[in-house]
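In: how would this look folded up:
(one chain, ligands or ions: 2)
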Amino acid sequence: MSLDAIKSLPDVLASAKRITIKVGSALVVDAGSGVADAAWMRGLAQDIAALMAQGKSVLLVSSGAGALGRRYLGLTRKKLKLDEKQAAAAAGQPRLMSAWEEAFQTVSLKTAQVLLTREDTEKRRRWLNARATVDTLFDLGCVPIVNENDTVVTEEIRYGDNDRLAARAAQLVRSEALVLLSDIDGLYTDDPRRNASAEHIPLVEKLDASIEAMAGGANAQAGVGTGGMATKIAAAKIAGSAGCATIIASGQTIRPLSNMARFTVIRPQASASAAYKAWIAGTVVPAGKLMLDDGAVRALRNGKSLLPSGIVEITGQFDKGDSVSIISPAGDEVARGIVTYSAEAIRAIRGRGSHDIEGILGYTSGDEVIHRDDMALV
Ligand SMILES: Nc1ncnc2c1ncn2[C@@H]1O[C@H](COP(=O)(O)OP(=O)(O)O)[C@@H](O)[C@H]1O
Ligand SMILES: N[C@@H](CCC(=O)OP(=O)(O)O)C(=O)O
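Out: Residues are numbered from 1 along each chain as shown. Ligands and ions are numbered 1, 2, ... in the order given. Next comes the predicted model:
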């Protein structure tokens with residue numbers, strides 16, 4: 001795979017280690033035939049392979065299940081009832097995945113399906129489980145392909161648009177860049193399909209109400225998009241608060257990431273890891289305390305993860321995924337972090353070596369009680 005292909009990528013993408021790419025239905029589904037656009041999908045697969053060859057992890061969020069299923073089931077009416085939309089998504093999703101599988105096979109990459117609901121991204125335990133699965137898929141060199149689990153979500157509990165789902169997914173995997181590939185090459189001062197004098201905006205430094213006011217609804221002509229520019233700006237806001245930059249670009253070329261002539265970059269408020277650590281340190285109420293020995297406190301201050309061997313005492317009842325306070329022998333709070341094991345499990349493994357964990361608990365969730373990425377020094 002030639003790396004020349006990605007020379008024209010915006011800097012923000014070149015410097016990101018983890019990238020989330022969202023593609024809209026209009027790109028994946030050929031408007032005339034109503035089936036997956038295999039040639040376009042192969043082109044994107046080549047671009048993604050080029051990014052992965054640089055050591056980046058790529059999460060793909062793909063719309064198109066509803067549009068593919070509609071045609072397959074012969075549901076051609078413009079307006080469908082919710083249960084019909086869900087039926088279309090149920091029929092379209094396996095078609096969408098098999099089209100992606102074929103596309104990625106041409107660049108020797110494996111794919112995996114991750115169907116999420118809003119609850120998965122809002123309930124902490126489910127969030128952590130989803131994150132662990134996607135991390136493992138990255139480690140295995142796979143391209144996780146995310147969509148909303150349309151068949152089980154009702155109107156009240158669904159995202160309904162994959163722009164915001166993609167922003168949450170980007171946050172889930174701690175992406176530094178979220179690319180929203182659409183049928184338009186970025187944000188304009190007004191919907192350019194309705195206002196010919198609308199001007200393109202290449203860079204948004206600060207996403208405020210004046211920017212939000214520019215973004216309108218979907219391209220009604222295409223008929224398959226959901227949310228339009230408004231949900232892309234809402235997505236950029238979610239991503240930005242998690243330290244992730246958003247790029248809105250047109251996907252209407254055969255190699256959309258290599259041929260990104262014009263786009264809009266929306267700057268995040270902080271770096272992804274700084275935003276995550278600020279969230280751990282500030283917004284989370286600790287559910288318990290871990291008292292450490294001096295050696296463990298020194299290790300944490302040197303940027304190491306917390307291992308069971310340095311834990312002397314535990315207070316409180318907490319579960320895997322909860323936040324705890326980490327206390328020095330002098331009684332000071334040195335850090336806060338998200339635990340990989342429950343209070344009960346940590347009581348059983350405290351003071352022991354990581355290699356003993358599996359023997360004591362009968363399972364292991366990793367060597368660390370708190371991974372350094374999940375810890376903020378106070
Ligand atoms: N300010 C704006 N700048 C650019 N596009 C806009 C703006 N306001 C509304 N739009 C519309 O948003 C559409 C893209 O959203 P959408 O149709 O939902 O695509 P997708 O399927 O990629 O999510 C554009 O085609 C355009 O008509
Ligand atoms: N989950 C839906 C996609 C909903 C959606 O946001 O569509 P789009 O605006 O085309 O990205 C599907 O696969 O049909």
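In: where do the helices sit along the stretch 51-200 of the chain?
Out: When secondary structure is read from DSSP state H, counting those that start in this stretch, the stretch 51-200 of the chain shows helices at 65-73, 82-105, 118-122, 124-139, 162-172.
In: Could you list the residues in contact with the shortest one?
Out: This points to helix 118-122. Residues outside helix 118-122 that contact it (Cβ atoms under 8 Å, 6 or more residues apart in numbering): 126, 127, 130, 153, 157, 158, 159, 165, 168, 169, 171, 172. For glycine as for every other residue, the C-beta is placed from the backbone atoms N, C-alpha and C.
In: in the protein, which spans are strands?
Out: Remark: strands of the chain, listed N- to C-terminal, are 18-23, 57-62, 111-116, 143-148, 177-182, 203-204, 245-250, 263-266, 289-292, 311-315, 323-327, 333-338, 375-377; assignment by DSSP state E.
In: want to throw those into TSV with mean pLDDT and distance to residue 41?
Out: Putting the strands of the chain into TSV (pLDDT from 0 to 100; distance: least, Cβ to Cβ, whole Å) gives the following:
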stretch	mean pLDDT	distance to residue 41
strand 18-23	97	9
strand 57-62	98	9
strand 111-116	96	11
strand 143-148	97	11
strand 177-182	96	12
strand 203-204	94	29
strand 245-250	95	16
strand 263-266	94	20
strand 289-292	98	48
strand 311-315	97	49
strand 323-327	93	41
strand 333-338	93	36
strand 375-377	92	40
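In: Of all the ones you listed, which one is nearest ligand 2?
Out: Of all these, strand 143-148 sits nearest to ligand 2, with 4.4 Å by Cβ to the nearest ligand atom.
In: Can you confirm whether that closest one lies near ligand 2?
Out: Yes. Looking at strand 143-148 against ligand 2 by Cβ under 6 Å from any ligand atom, the contacts come from 147, 148.
In: cool, stretch 22-32 as well?
Out: Yes. Judged by Cβ under 6 Å from any ligand atom, stretch 22-32 and ligand 2 are in contact via 24, 25.
In: just how off-centre is that stretch within its chain?
Out: The gap between where stretch 22-32 is centred and where its chain is centred comes out at 20 Å by Cα atoms, centre = their mean, to the nearest Å.
In: could you check the distance from residue 350 over to ligand 2?
Out: For residue 350, the distance to ligand 2 under the criterion Cβ to the nearest ligand atom, to the nearest Å works out to 45 Å.
In: show me the contacts for that residue.
Out: Residue 350 makes contact with 308, 311, 312, 313, 314, according to Cβ under 8 Å, 6+ apart.
In: and the one residue in the stretch 1-150 of the chain that gets nearest to ligand 1, what pLDDT?
Out: Ranked by Cβ to the nearest ligand atom, the top residue of the stretch 1-150 of the chain for proximity to ligand 1 is residue 24, at 2.5 Å. With respect to pLDDT, residue 24 has a value of 92.
In: try residue 310
Out: pLDDT, the model's per-residue confidence, is 97 for residue 310.
In: quick one: low-confidence ranges for this protein?
Out: Flagging of the chain using pLDDT under 70 yields the residue ranges 1-9, 122-124, 155-157, 218-226, 282-285.
In: can I get the contacts of residue 350 in CSV with distance to ligand 2 and neighbour count?
Out: Formatted as CSV, these follow (distance: Cβ to the nearest ligand atom, whole Å; neighbours: other Cβ atoms under 10 Å):
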residue, distance to ligand 2, neighbour count
308, 42, 23
311, 44, 22
312, 49, 13
313, 48, 13
314, 43, 20
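In: With distance to ligand 2 added, can I get the contacts of helix 118-122 in CSV?
Out: As requested, the contacts of helix 118-122 are arranged in CSV below (distance: Cβ to the nearest ligand atom, whole Å):
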residue, distance to ligand 2
126, 19
127, 19
130, 17
153, 9
157, 14
158, 9
159, 8
165, 7
168, 13
169, 12
171, 17
172, 17
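In: Most neighbours out of those residues, which is it?
Out: Each of the contacts of helix 118-122 was scored by neighbours using other Cβ atoms under 10 Å; the highest score is residue 169's, at 28 neighbours.
In: how about the nearest residue to it, chain neighbours excluded?
Out: Spatial nearest neighbour of residue 169, excluding adjacent residues (Cβ to Cβ, 6 or more residues apart in numbering): residue 146 at 5.1 Å.
In: number of nearby residues for the one you found?
Out: Here the count is done by other Cβ under 10 Å, and residue 146 has 25 residues near it.
In: try residue 248
Out: A count of nearby residues for residue 248, using other Cβ under 10 Å, gives 27.
In: was I right about residue 172 contacting residue 134?
Out: Yes. Applying Cβ atoms under 8 Å as the test, residue 172 and residue 134 come out as touching, 6.7 Å apart.
In: returning to what we had before: taking the contacts of residue 350 together, which two end up most distant?
Out: 308 and 313 (12.5 Å; Cβ to Cβ).
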